[in-house]
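> Whatever this is, show me its structure:
(chains A and B)
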Amino acid sequence: MSYSTQQIRNVALAGHPGAGKTTLFEALLHAGGAIQTAGTVERGSTVSDFDPIEKERGHSIDAAIASTDHAGIHVNLIDTAGYPDFRGPTLSALSAVETVAVVVDADAGIGYGTRRMMDHAKARKLCRAIVVNKIDHAGHDLGALLESLRAEFGPEVLPLNLPADGGARVVDCFGSKDGDSDLGAVADWHQKIIDQVVEINETVMDHYLDLGEDGLSGQELHDAFEQCLREGHLVPVCFVSARSGAGVKELLDVAEKLFPHPGEANPPPFVKGAGSAAEPIEARPDPAAHVIADVFKIVNDPFVGKLGIFRVYQGTVRKDSQLFVDDGKKPFKVAHLFKLKGKEHVEVAQAIPGDIAAVAKVDELHFDAVLHDSHDEDQIHLAPMAFPKPMFGLAVEPASKGQEQKLATALHKLDEEDPAFAVEHNTETNETVIRGLSDLHLRVMLQRLKDKYAVEVKTHPPRIAYRETVSGKAEGHHRHKKQTGGAGQFGEVFLRIEPLPRGGGFEFVDEVKGGTIPGQFLPAVEKGVRQVLSGGAVAGYPMQDVRVIVYDGKHHPVDSK
Amino acid sequence: MLEPIADLEVTAPEQHMGDISGGLSSKRARISGTDSLRGGEIVVKAQVPLSELEGYAAELKSVTAGRGRYALDFSHYEPVPAQVQQKLVEAYKPHHEED
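Residues are numbered from 1 along each chain as shown, chains lettered A, B, ... in the order given. This next block holds a predicted model:
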C-alpha cells in the first residue's frame, strides 16, 4: 500500500515487564495482516523477540520494529523491553514515535515500569495512551484497576472502549453511547470522555454548550481530541486481550481514527547550534522539503553489517539519495533503503516524512545522528534525551591472549547499539571497564559478546584508583656513581618532600643555589622523581599532592651528563 | 593513602528512606542532605568512598523493589582509615616481591 504522511501512525509499546507488549505487538501485526499467524513468547516464535538471548530468556531486550497496514493507515509499531535494565534501547525508541501506548497487565496492575514509561513519555511531550491487556483472565476487577490508573495518573485517564461479556470483547464508548459493559452503562463513560475533550478549548466548549454533542462536527471533535492528546489533557485507555484477540482490531481502529499522524503531534524538539546558542528549529512533515531524519537505533549484525534505523521528520529519503551525517562534509549514497519487520528487511524505494526506515553498511552512522541533504541543515540535532547513566561497572579482559583487538572492536559495536552502555579504559589501573545499568544488563551484553562476536572474557570488579600521599616533610639524598670502565657516571641530589593541600597534584621546585646542579640536568631529575612517584611508596598506587624540592646536589664536570 | 570519594544521589520512593540511609551508613557514607520530590520520592545525597559502592546497584534494587536509582560522580580524594590502608599494603606486598 502506498501511503501519505497523514496515513502514518507511529506507536511504541512500552510498560512494565510481562505486561504483554511483545504478544500485543504480535497480535496487532496479525490483525493488520502483516503476518499470517501470531507467534508466542513461550515458543520463541514472535516477530519482535528474534534474538537468541531474547528467546532463551522469554523477554525483550532490544526494541523491535515492524509495520502493518490497517483500514487505510500504515502503522509503524515499536516493541520495547520492559525491564529497566534495558532502558537504553527502549528510551531511544520513544524519540521516533508520536504515541506511546503504555501496556498494563490487568492481573498485576501498575508497576514501576508503568510509572517510568508514563513519566518519560510525558517529559518528552508524547501522546500517551494506556492499553490494559489480559482482560479475558478471570478474577480481576477492571473497574478497580481503572480507578487506580486514574488515581495514579490523573482524572484525564479515561477509557475509549470498555470490556464487555466478561472481557470477551470490547465496546466503543467514545463514538457510541449505547449498550452495556462490564464497567456499567456505556452512556456514562461516553459522557465523561466527551466532557473531558470539549473542555480543551472555548470554541468547542461553546459549540457543545449551545448545540449539544450533535452540534459538533466530526472534524471539530477530532481536532479537539488531538489537542487533548498533545497537551496531555487526555490519556485514553483501551482494553485488549492480546492472547484472545479481544479489542486488538478495535485498538487498530483507535490508532486509525484517533492517534495522531506525524503532523498532528507535538513538533519534534529539534534545535540548531550547540549549548546556549541553540535555537529551536521546526521540521515540517513536507515530502518536498529538505531531508531531516534522525537515527534512533543502530544494529550491528556480524553478517549484514551496521544497520542505521532512522525516523524521517522532513523531506523524502529515496534510494540513491545523497545524505550528510551531522556536520559531515562528504555525503553517503543510500544504496538500499529498508523497512523492518523484526529481523527481516524489506527493500523500499522511499521513506516519506513520519516514516521509519533503515540503511545498511554506513559506518559514519551513530545513535542520534541527524541525516540531511543540504548544508542548510548542518548543526541540527534533537534535544538530548535523559538517559540513565551507566553506573554498574565490570572490568573485562579476554579469556585467551591475543584477542584484545577483537574484544575492543566487539565492545565498540555493543556500545554503539545501546546508549546506556559504556566502555572506558582506565589508564591508571590499566583495565577495560564496561558500564551498564545493572548486573543483568552487563551479563546480557557479555553473552552477546560471546554469541555474536565469539569473544569470551574474564571479569572482575574494577580496581579502585587509590592514591598515596605524604603526611609530613622529609629529606633525602642519593648519590649515583659509576666509574668501573667505560664512560663514568656521577650525580648527587638532595631532595625535600612536603605534602600539598588535597587536590594539589604534583609540584617540582628547583631551589638549587650556586649551580651545584647545572640547569640542563634538572629535567632529568624531575623525570626520575615522577617515575618513582607513579609507582607509589607503600601499596603501589600513584602518589599525589606532594611537592618535591631539589635544593642541593653535586656534579662532575666530565662524568655528569 | 588516599581513596576516591564519590558524590552519590539516590532517588527512591520515600518509604524506603530508612533502608537507604541505613545501607549507606554501613558504607562509611556521610549523608549530606535529603530532599523531597513531587510524587512521593526522596533524593538522598551523600559522599561515599567509591570502594564501598561495589554491588550497590543490586542492593538498591532489592531494598526499593526496583524503583530506586542512583547517580554518582567522582568528588575528591581522602585519606583511607588505617585498617583499609593495612589491607591495601598487604595486598600489594606479594605482588611487589615478584617484581
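
> show me where the stretch 101-250 of chain A has helices.
Counting by DSSP state H, counting those that start in this stretch, the stretch 101-250 of chain A has helices at residues A:112-123, A:142-153, A:186-198, A:202-211, A:218-230, A:248-257.

> and the fourth one, which residues are buried?
In other words, helix A:202-211. Across helix A:202-211, burial judged by 16 or more other Cβ atoms under 10 Å in any protein chain shown covers A:204, A:207-208. C-beta here means a position set from N, CA and C on the backbone, and glycine is covered the same way.

> Chain B: which of these is nearest?
Closest approach to chain B among those (Cβ to the nearest Cβ): A:Val204, at 30.5 Å.

> which stretches of chain A form helices?
A:21-32, A:52-57, A:87-94, A:112-123, A:142-153, A:186-198, A:202-211, A:218-230, A:248-257, A:404-417, A:439-453, A:522-534 (DSSP state H).

> Equivalent analysis for chain B, please.
Using DSSP H, helices in chain B cover B:17-25, B:56-63, B:82-98.

> Name the strands paired with the helix or strand of chain A with the lowest mean pLDDT and say parallel or antiparallel.
Ranked by mean pLDDT, DSSP states H and E, the weakest helix or strand in chain A is strand A:474-482, scoring a mean of 82. Its sheet considered, strand A:474-482 pairs with strand A:489-499 (antiparallel) by DSSP bridges.

> Pull the residues that contact the strand it pairs with.
Applying Cβ atoms under 8 Å, 6 or more residues apart in numbering or on different chains, the external contacts of strand A:489-499 come out as A:469-483, A:517, A:521, A:525, A:529, A:545-556, A:559-561.

> One more pass at 7 Å, please.
Defining contact as Cβ atoms under 7 Å, 6 or more residues apart in numbering or on different chains, one finds that strand A:489-499 is touched by A:469-482, A:517, A:521, A:525, A:545-556, A:559-560.

> For it, which residues meet the burial criterion?
By 16+ other Cβ under 10 Å, the buried positions in strand A:489-499 come out as A:490-498.

> Need those residues in TSV (columns: pLDDT).
Output for the buried residues of strand A:489-499, formatted as TSV (pLDDT from 0 to 100):
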residue	pLDDT
A:Phe490	83
A:Gly491	83
A:Glu492	85
A:Val493	87
A:Phe494	88
A:Leu495	88
A:Arg496	88
A:Ile497	88
A:Glu498	88
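
> just the helices of chain B: most buried one?
Most buried of the helices of chain B, by mean neighbour count (mean count of other Cβ atoms under 10 Å in any protein chain shown): helix B:56-63, with a mean of 18.

> end to end, how far does stretch A:230-247 reach?
End-to-end distance of stretch A:230-247: 24 Å, with Cα to Cα, to the nearest Å as the criterion.

> which of the residues in that stretch are buried?
Buried residues in stretch A:230-247 (16+ other Cβ under 10 Å): A:230, A:232-244, A:246-247.

> Run the chain-centre distance for it.
The chain centroid and the centroid of stretch A:230-247 are separated by 24 Å under Cα atoms, centre = their mean, to the nearest Å.

> what pLDDT, on average, does that stretch get?
What stretch A:230-247 shows for mean pLDDT is 96.

> How about residues contacting it?
Contacts to stretch A:230-247, defined as Cβ under 7 Å, 6+ apart, come from residues A:20, A:23-24, A:27, A:122, A:127-136, A:146, A:149, A:153, A:156-163, A:167-170, A:196-197, A:200, A:228, A:248, A:251, A:254, A:265-266.
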